[in-house]
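**Student:** When you get a sec, could you give me coordinates for this:
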Amino acid sequence: MTELRALTPHEAIPGEQSARSGRQRRLLRTFLPELVQLERVLAEAPASVTCQVLERVTVNDVTVPIYRADVGSDSPQAPVLLLVGGVHGLERIGSQVVIAWLANLVARLRWDEHLQALLDKVHITVLPILNPGGMYLNQRSNPNGVDLMRNAPITAQDRSAFLLGGQKLSPRLPWYTGDPAQGMEPENQALEGVIRELLPGRPFGLALDCHSGFGWQDQIWFPYAYRRRPMRRIASVMALKLIWEQAYPNHSYRFEPQSRHYLTHGDLWDYFYKQVNRAGDGTFIPLTLEMGSWRWIRKRPRQLLRLDGLFNPLVPHRHQRALRSHLPLMDFLLNAAASHRHWLPAMEDESMLREAAIMHWYRENG
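**Tutor:** A predicted model of the protein is given here:
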């Protein structure tokens with residue numbers, strides 16, 4: 001893995017760009033415009049935003065970096081918000097939403113005193129394009145044919161959905177898990193390195209991983225995907241859901257565990273949740289945003305004729321709506337992380353919230 005370099009964007013980004021030939025730059029503009037946009041955002045960011053190259057992926061003679069951007073408090077006791085996009089290369093809108101939020105943050109840093117004060121209390125880490133090789137190839141998996149969301153060393157406790165829950169038959173078929181017993185894919189190892197460095201020992205951490213392609217409605221999923229029983233800190237998830245709905249009562253998200261839909265092998269966030277919450281007394285809540293791409297297809301059925309049309313809004317006004325509609329959720333998560341002490345359940349409330357969560361999400365499972 002490439003050694004991490006804690007450089008400001010003004011040092012890091014031009015170096016990446018100048019190392020590319022004219023042909024490579026043209027290919028990236030054509031096949032990976034999200035990376036070009038991200039580099040532009042980082043290059044224009046103030047020096048308080050630091051940038052690292054976690055890994056480089058080579059695909060079709062083009063080498064593309066996995067960027068990590070950080071901003072906010074350097075205190076090891078500060079809560080953390082982690083934003084991830086582009087785990088599935090076909091789901092470009094996930095990366096685009098994360099980049100849009102990052103661009104909004106960077107623009108506000110120059111004049112927003114309230115944001116500057118907030119960042120004294122919280123740390124933000126952003127990995128906008130975790131799977132740049134898959135995005136370059138316009139495929140769900142990474143260049144090795146592995147579905148990164150099925151690649152962690154964790155196995156479903158009950159029957160998983162055929163193929164969809166992860167399969168070891170062939171990288172030519174979707175949802176291929178690879179062989180996590182031999183180590184996760186380089187992209188996932190880069191993410192694991194960030195999580196191991198960033199989260200253990202912190203009092204609180206939130207993660208949001210942005211995807212698309214499931215259902216008619218935008219959904220917020222939380223662990224587990226490998227079993228139907230509730231996670232240990234389900235009371236904290238219920239508390240987060242309640243303050244979200246109190247602050248945004250007219251929201252349209254459906255908030256629920258992924259296991260209500262199907263079980264999967266190798267779920268990344270199940271694995272990281274268990275690793276982090278075993279390591280200390282803090283609380284880590286990973287969430288997955290699943291943007292409902294079926295609505296875009298219903299309104300424009302000819303999107304079915306294009307592979308990327310299955311997962312992304314292709315009409316400009318719908319694309320712009322998707323980019324702006326999730327910004328309040330991300331801002332809310334940032335504020336919730338910074339103010340976690342005011343809403344995380346105390347000992348006397350935890351059992352009540354846990355019972356409420358089980359009644360709300362798990363009563364059908366007994």
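**Student:** which residues touch the spatially closest residue to Tyr273 that is not a sequence neighbour?
**Tutor:** In space, Tyr273 comes closest to Pro223 once its chain neighbours are excluded; the distance is 4.8 Å by C-beta to C-beta, 6 or more residues apart in numbering. Quick note: C-beta positions are derived from backbone N, CA and C, even for glycine. Contacts of Pro223 were listed using C-beta atoms under 8 Å, 6 or more residues apart in numbering, and they are Met231, Pro257, Gln258, Asp267, Trp269, Asp270, Tyr273, Pro286.
**Student:** and Phe214, how many residues sit next to it?
**Tutor:** Burial measure for Phe214: 18 neighbouring residues, criterion other C-beta atoms under 10 Å.
**Student:** what residues are up against it?
**Tutor:** His261, Glu290, Gly292, Ser293, Trp294.
**Student:** go on, Ala338?
**Tutor:** Pro79, Leu118, Lys121, Val122.
**Student:** Surely the third one is in contact with Ala78?
**Tutor:** When you say that, I think you mean Lys121. Yes: shown here, Lys121 and Ala78 form a contact pair, counting by C-beta atoms under 8 Å, at 6.5 Å.
**Student:** Output whatever helix or strand Arg321 lives in as CSV, nothing but the C-alphas.
**Tutor:** Per DSSP states H and E, Arg321 falls inside helix 316-325. The C-alpha coordinates for helix 316-325 follow below in CSV (Å, rounded to 0.1, in the frame of the first residue of the first chain):
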residue,chain,number,x,y,z
PRO,A,316,-30.3,16.9,-15.3
HIS,A,317,-33.0,18.2,-12.9
ARG,A,318,-33.3,14.9,-11.2
HIS,A,319,-29.6,14.6,-10.9
GLN,A,320,-29.4,18.1,-9.3
ARG,A,321,-32.2,17.2,-6.9
ALA,A,322,-30.4,14.1,-5.8
LEU,A,323,-27.2,16.1,-5.2
ARG,A,324,-29.0,18.7,-3.0
SER,A,325,-31.6,16.6,-1.3
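**Student:** any idea how far it is from the chain center?
**Tutor:** How far helix 316-325 lies from its chain's middle: 19 Å, per C-alpha atoms, centre = their mean, to the nearest Å.
**Student:** same thing with stretch 307-323?
**Tutor:** That offset, for stretch 307-323, works out to 18 Å (C-alpha atoms, centre = their mean).
**Student:** measure it end to end?
**Tutor:** 20 Å (C-alpha to C-alpha, to the nearest Å).
**Student:** ok so, going back, okay, the residue nearest to Tyr273: pLDDT?
**Tutor:** Pro223 carries a pLDDT value of 97.
**Student:** Remind me which helix or strand the closest residue to Gly183 other than its chain neighbours belongs to.
**Tutor:** Counting by C-beta to C-beta, 6+ apart, Gln189 is the residue found nearest to Gly183 once chain neighbours are left out, at 7.0 Å. Here Gln189 sits within helix 186-198, counting by DSSP H and E.
**Student:** That helix: what's the following helix or strand?
**Tutor:** Downstream of helix 186-198, the first helix or strand assigned by DSSP H and E is strand 204-212.
**Student:** Low-confidence ranges, the stretch 1-150 of the chain, go.
**Tutor:** Of all residues in the stretch 1-150 of the chain, those with pLDDT under 70 make up the ranges 1-19.
**Student:** For the spatially most central residue of the chain, list each beta-bridge partner.
**Tutor:** Of all residues in the chain, the one closest to the mean position by C-alpha atoms, centre = their mean is Asp209, 1.8 Å from it. Per DSSP bridges, the residues bridged to Asp209 are Val84, Thr288.
**Student:** how close does it sit to Val126?
**Tutor:** Per C-beta to C-beta, to the nearest Å, Asp209 is found 12 Å from Val126.
**Student:** Can you check which residues contact both of the two?
**Tutor:** When contacts are counted by C-beta under 8 Å, 6+ apart, Asp209 and Val126 have Val84 as shared neighbours.
**Student:** hang on, the earlier thing: what residues of the helix holding Arg321 count as buried?
**Tutor:** Within helix 316-325, the residues scored as buried using 16 or more other C-beta atoms under 10 Å are Ala322, Leu323.
**Student:** Kindly reformat the contacts of Pro223 as JSON lines and extend each row with pLDDT, neighbour count and distance to Gly309.
**Tutor:** Converted to JSON lines, the contacts of Pro223 look like this (pLDDT from 0 to 100; neighbours: other C-beta atoms under 10 Å; distance: C-beta to C-beta, whole Å):
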{"residue": "Met231", "pLDDT": "94", "neighbour count": "21", "distance to Gly309": "35"}
{"residue": "Pro257", "pLDDT": "96", "neighbour count": "22", "distance to Gly309": "29"}
{"residue": "Gln258", "pLDDT": "94", "neighbour count": "21", "distance to Gly309": "25"}
{"residue": "Asp267", "pLDDT": "97", "neighbour count": "27", "distance to Gly309": "26"}
{"residue": "Trp269", "pLDDT": "98", "neighbour count": "23", "distance to Gly309": "27"}
{"residue": "Asp270", "pLDDT": "97", "neighbour count": "24", "distance to Gly309": "30"}
{"residue": "Tyr273", "pLDDT": "96", "neighbour count": "23", "distance to Gly309": "33"}
{"residue": "Pro286", "pLDDT": "98", "neighbour count": "25", "distance to Gly309": "29"}
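**Student:** Just put these in a markdown table and tack on distance to Ala336 and secondary structure.
**Tutor:** Below are the contacts of Pro223 laid out as a markdown table (distance: C-beta to C-beta, whole Å; DSSP: H, G, I helix; E, B strand; the rest coil):
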| residue | distance to Ala336 | secondary structure |
| --- | --- | --- |
| Met231 | 18 | coil |
| Pro257 | 19 | strand |
| Gln258 | 21 | helix |
| Asp267 | 23 | coil |
| Trp269 | 18 | helix |
| Asp270 | 22 | helix |
| Tyr273 | 17 | helix |
| Pro286 | 14 | strand |
